[in-house]
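Undergrad: coordinates for the following, if possible.
(2 chains)
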Amino acid sequence: MRLGLTCSLLMHLSLLVWAIFSIQQTVSLPVPETVTISVALVTPSDITRMKQGDENTKNLESKAAEKPSDQQSQKEAAKPIPPPPKPQAALPPPPEAEPPKPEPAKPEPVKSEPVKSEPVKPEPPKPDPIAEKLAEPPPPEPTPGPTPEQLAAEKAKAEAEAKAAEAKAKADAERKRREAEAKAKAEADRKRKIADAKAKADAEKRKFDLDKLAKAIDESPEDPRALLDKSNKPTGARPQGDSRTATNTGPSAGTRDGRDTVLSAREADLLRGMLNSQLARCWRLPAGGGGGTTVPVVTLAWNLRPDGSLEGEPRVVQSGAGPLSQVATEAAIRAVKTCQPFQLPPDRYANWRQITDWAFDPSKMIQ
Amino acid sequence: MSQLTPMTITRATAFAVIAVAAVAANLLASAPVRAQLSGSTTQGQIAPIPIAIPVFISDDPKLGADIAGVIAGNLGRSGLFKPLDPASYLDRPGDVNQAPNFPNWRAIQADAVNVGRVSRGPDGRLVAEFRLWDVVNGQQKAGQRFATQPQNWRRIAHQISDVIYERMTGEKGYFDTRIVFVDETGPKDKRTKRLAIMDQDGANVRLLSQGKDLVLTPRFNPVSQEITFMAYQGEKPKVYIMNLDTQQRQQVGDFPGETFAPRYSPDGSRLVMSVSAGATTAIYEVDLRSRQYRQLTQTNGLDTSPCYSPDGRQIVFESDREGTQQLYIMNADGSGLRRISPVGDGRYSTPVWSPRGDYIAFTKTQGGRFMIGVLKPDGSGERILSSGFHAEGPTWAPNGRVLMFFSEGQGAGSGPKIKSVDITGYAEQTVATPSFASDPAWSPLLN
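TA: Model (predicted):
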């Protein structure tokens, strides 16, 4: 009994804790997008992304060259340019580097992936037959859209026939392949998963029993889930993927809760500019701030709430010694305090929630 | 039971594990990928600090208002403060030991509020105390108590001003100081020039000479209430020193020729000055105790306006040895001579080393205009702070961030007036004097 009680208590407690955290989380969610601001903000980063997605841009090429596997998958442009490894330092595209898993359904990437990056050549054959048959019956849950299937179907038909034997390897073989693929490639696109799922279906289709197929899918949900899980793991770290695609732009870019966790250089500049313009109005120095040859530079850090107000006190990251620095520090803190709440785009809260180091440097004002 | 227990355990454990896992997963999932923003602000508002200085709490309302008025005047003239209009105050402090009602002061945009009280002690002395509050942070920034003779109430106000100034700007104050200057009266072609002294804000003017002889270039001893100046004795200018308390004067040295442009060493024990012999004028150093002297420069022209660096190791002066007046620095023993004024068609004169050591102020003439400026001791960073038809004779406030000089307008009825300007060129204004005034010299802090 006691044990039962303690266990029950434990359960309830943990449930409570869980509830608390979920509530907190939902609290931050309700701040959706303020229309005007989000428009202003989104535009530049969108432009960045569009550029990234553009075949003609050099940046893209260089990026693709650098990181063949990941980028190829995410960008159509990557396919045509498979081998050329250009060791360009290029721009600062780091954030994109990760593969965008949540991509809806682009047929091309599917092709490209197996061709280039895959050392193991298991996939290509699978997708076609399944796709065809699947197109007709709606049951297959994971299938994202008809396009990929059709395309895949075209290619795969011939291959599928030839490789019927392989297909027979059935789910096990396929699973192994998938695993191998997943390991080999950082990419875990849905397309792939879809393809895999289809491949399984194909195997069953050989029996030409649609019902069975459907049943098989229903009964053996492990496979698709497993696939999803795999894909989730690698991609989970970077939910930004979807916002990367050229097609997915505008306010919808970003994670489902409306937060775009990508802090592109351009967006950072934008946020920086917004903060700076507001701080510049609040930061007041008595004529010349000393006027001597020593210029006190103060660096502060502070946190902000979603409404732009100050959370806690600003912290001094760096400051000098002596009365001049003390005054400068106070002036900087006063600037932050009098400036809040800051007017910043709510849908980018994640990006401006923490100001980790902000320097107040009067040297240009004095001389 | 014994059989049930394990069942319960496993089930409960399973639940617990699931719950914990759920919580953990939730935590992990909810931890957003936080972008950390950093940057900098390099442009702000250069604006005076808004400060509220309510009337001091006192049994004598006039005295309370006078002290607050002197403080507000000092801070306002500095250019670094903007004393707020008392009419805008929403609050009237009633107790110096109580924190003011900050929202009321925030509402009028004050950065700081100074609450004070002045009263008469049992011994007849004035006792003034004040607390300076940071309105934005709601903290006391300074608090002090002074006691003095009633007639010295202005000095209390000046000293409080100094504390506020130092605490709010990080620089030493300069309000509890005096200015010695040449008071000029009479028509332009026949001016009477008398030595006078006043508080830094123009109050308490007192004459030090009666105008029988022409006096020029008074300079303060940095460590005592003593000045040196040049006065004409007959046709020849001679250097004197004068004790400000006794007003006794004494000639320095017994040189056959003219002596002028004296200035004290930082420790007050020596003078440097120009001594002319024939067609040339060289710089000499005179020990005030032993009265021994030595020549520091060798020249065929005119070396004058010498001034020590704050550490006493170097001397800056002007010389026309290269044709036009330029600035030179040498070691205190006369060695290591080098020119510091930039090459160009400007003429530089009356160099004065800042008490902080970071700048040298000068008078520059170029294209028929006079300018007051500063440059660094290595000759770089020249900056013009003021210019006009005639401007001359800069002198530093003891904190090295404010300059006074005198300038003269064009026209028959015009005469010289003393001006002050911040080292950054801000807040130029005229210092109130009873009549025309020239050749200001700033005293060290009185304490």
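
Undergrad: longest strand in chain A, please.
TA: Longest strand of chain A, by residue count under DSSP state E: strand A:310-318.

Undergrad: run me through the strand neighbours of that strand, direction for each.
TA: Take DSSP bridges as the rule and strand A:310-318 pairs in its sheet with strand A:298-304 (antiparallel).

Undergrad: how about the CA coordinates for the partner strand, as PDB?
TA: Extracted as PDB, the C-alpha positions of strand A:298-304 are listed here (Å, rounded to 0.1, in the frame of the first residue of the first chain):
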ATOM      1  CA  VAL A 298      31.200  49.400 -20.600                       C
ATOM      2  CA  THR A 299      29.700  46.000 -21.600                       C
ATOM      3  CA  LEU A 300      26.400  44.900 -20.200                       C
ATOM      4  CA  ALA A 301      24.300  41.800 -20.500                       C
ATOM      5  CA  TRP A 302      20.600  41.500 -19.800                       C
ATOM      6  CA  ASN A 303      17.600  39.400 -20.500                       C
ATOM      7  CA  LEU A 304      14.300  40.400 -21.900                       C
END
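
Undergrad: in it, what's buried?
TA: For strand A:298-304, the neighbour count (16 or more other C-beta atoms under 10 Å in any protein chain shown) marks A:Val298, A:Thr299, A:Leu300, A:Ala301, A:Trp302, A:Leu304 as buried. (Glycine included, C-beta is placed from N, CA and C.)

Undergrad: circling back to that earlier point, now the element after the longest strand of chain A, going C-ward?
TA: helix A:323-339 (DSSP states H and E).

Undergrad: burial count for the residue nearest to B:Ala412 when sequence neighbours are not counted?
TA: Leaving aside its sequence neighbours, B:Ala412 sits nearest to B:Lys188 (C-beta to C-beta, 6 or more residues apart in numbering or on different chains; 6.6 Å). For B:Lys188, the count of nearby residues is 13 (other C-beta atoms under 10 Å in any protein chain shown).

Undergrad: list the contacts of B:Lys188.
TA: With contact set as C-beta atoms under 8 Å, 6 or more residues apart in numbering or on different chains, B:Lys188 has these partners: B:Ala412, B:Gly413, B:Ser414, B:Gly415.

Undergrad: pull the number of nearby residues for the second one.
TA: Applying other C-beta under 10 Å, we find 7 other residues in the vicinity of B:Gly413.

Undergrad: B:Phe389 versus the nearest residue in space to it that is not next to it in sequence, what's the distance?
TA: Spatially, and ignoring its direct neighbours in sequence, B:Gly413 is nearest to B:Lys188 (7.9 Å; C-beta to C-beta, 6+ apart). Distance, B:Lys188 to B:Phe389, using C-beta to C-beta, to the nearest Å: 14 Å.

Undergrad: what residues sit buried inside stretch B:349-364?
TA: Across stretch B:349-364, burial judged by 16+ other C-beta under 10 Å covers B:349-364.

Undergrad: what's the local residue count around the one residue in the stretch 1-150 of chain A that gets nearest to chain B?
TA: Residue of the stretch 1-150 of chain A nearest chain B, by C-beta to the nearest C-beta: A:Cys7 (2.7 Å). Counted with other C-beta under 10 Å, residues neighbouring A:Cys7 total 19.

Undergrad: doesn't it belong to a helix?
TA: Yes - assessed by DSSP: H, G, I helix; E, B strand; the rest coil, A:Cys7 belongs to a helix.

Undergrad: how about the residue nearest to B:Ala412, phi and psi?
TA: phi -60, psi -40 (degrees, to the nearest 10).

Undergrad: against chain A, how distant is it?
TA: 35 Å (C-beta to the nearest C-beta, to the nearest Å).

Undergrad: can you report how many residues lie near whichever residue of the stretch 151-300 of chain B sits closest to chain A?
TA: Residue nearest to chain A within the stretch 151-300 of chain B: B:Gly170 (3.6 Å; C-beta to the nearest C-beta). Residues lying near B:Gly170 (other C-beta under 10 Å) number 22.

Undergrad: quick check: it touching A:Pro323?
TA: Yes - with contact defined as C-beta atoms under 8 Å, B:Gly170 reaches A:Pro323; the gap is 4.1 Å.

Undergrad: I figured B:Met168 hits B:Val135, correct?
TA: No - judged on C-beta under 8 Å, B:Met168 makes no contact with B:Val135 at a distance of 11.8 Å.

Undergrad: find residues that contact each of those two.
TA: Common neighbours of B:Met168 and B:Val135 (criterion: C-beta under 8 Å, 6+ apart): B:Asp111, B:Ala112.

Undergrad: residue ranges in the chain under the pLDDT threshold?
TA: This is for chain A. Within chain A, the stretches with pLDDT under 70 are A:1, A:24-263, A:286-295, A:366-367.

Undergrad: that was the other one, I meant chain B.
TA: By pLDDT under 70, the low-scoring segments of chain B are B:1-35.

Undergrad: how about B:Lys172, nearest residue that isn't a chain neighbour?
TA: B:Lys172 sits nearest to B:Asn399 (C-beta to C-beta, 6+ apart), 4.1 Å away.

Undergrad: next: B:Arg194.
TA: B:Arg194 sits nearest to B:Gly211 (C-beta to C-beta, 6+ apart), 4.3 Å away.

Undergrad: for B:Val163, see how far away the one you found is.
TA: Computed as C-beta to C-beta, the B:Gly211 to B:Val163 distance reads 38 Å.
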